[in-house]
Each structure stands twice: as structure tokens, then as C-alpha cells.
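# any chance you can model this:
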Amino acid sequence: MLEYGYWGLLLFAFLSASIVPISSEAAILGAILLHWDPWQVLLWAGVGNCLGIGMNYGIGLFAAEKWLAKKQDLLESRAYKLAEKYGVLALFLSWLPVIGDPITIAAGILRLNFVLFVLISFSLRLLRYYVLVAAMN
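Prediction:
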């Protein structure tokens, strides 16, 4: 992140929305502690993370049949069952650590309304980052 600046933060936040076990919150805290501009941190991390969960939706939507044949554990996961049972309402949990990213994949698999997916999931991710950035300033 130090070498690539805000682009590195964007990439870090993007990857953290995938199954890569890294914390975008740690990157945000690091950037704030390094005195990066808080609004830029919020913008770049938010865009990266939202692109990441958008990718998750796309994976669920377009790669579901082939990919899920090998990922039966996802279909049996708590995240998938929540999304299957509650539909769009499950997206209100998509900001949570651990369970949130699998919910965004399940949203694609279940073909939940993409506009609602964007409105709910993106807003909650940005709100989570805003609270974190605001708490550090």
C-alpha cells in the first residue's frame, strides 16, 4: 500500500471482499495512522470494496453452475441459507465480517435484484468505512 498509495488501498479493499483473508479495515486504519486524507481513504477503499462485492455477485451469477459443482460447502453455508430464506433482506447483513462476502456471492447465485443489491450492499459497505474513518479523526 505504501508503494502504490491510494491505488494500493483500492486493490487491498477489492481483495478483502473476495475469499482472500485480509482486512480492509486494517488497511484503512493504517492509512489514517499514516495521515492520508480521510476522505480519499474513504473513497478509494469504498470503491475497491464495492467493486469486489460486485465481482462476487457476478461470480455467483455467471459462474454458479460450474463453480458450485465444486463448492457444495457454499450451498450449505449459513450465508447461502440466509440469502435463500430472506432474499433481498439478507443483504442488510452483507456488511458484516466473515458472513458478508459469501452473502454477496449467494445474491448472485439466487439472482437477487441487482439494483437492490447495489443500493443496499454498497451503501452499507460505505457506511461501515465512514464510521471507521470518522472514529479515527
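# check what pLDDT Ile109 gets.
Ile109 carries a pLDDT value of 89.
# Arg78 now?
81.
# now do the contacts for the nearest residue in space to Tyr130 that is not next to it in sequence.
Leaving aside its chain neighbours, Tyr130 sits nearest to Leu42 (6.0 Å; criterion: CB to CB, 6 or more residues apart in numbering). Heads up, the C-betas are built off the backbone N, CA and C, glycines and all. Leu42 sits next to 126, 129-130, 133 when contact means CB atoms under 8 Å, 6 or more residues apart in numbering.
# in helices only, show me these.
126, 129-130, 133 (DSSP state H).
# quick one, which of these are buried?
Among the ones in helices among the contacts of Leu42, those buried by neighbour count (16 or more other CB atoms under 10 Å) are 126, 129, 133.
# so which of those is the closest to Leu51?
Taking CB to CB as the measure, Leu51 lies nearest Leu126 of those, at 12.4 Å.
# spit out the contact partners of that closest one.
42, 46, 50.
# done for today, thanks.
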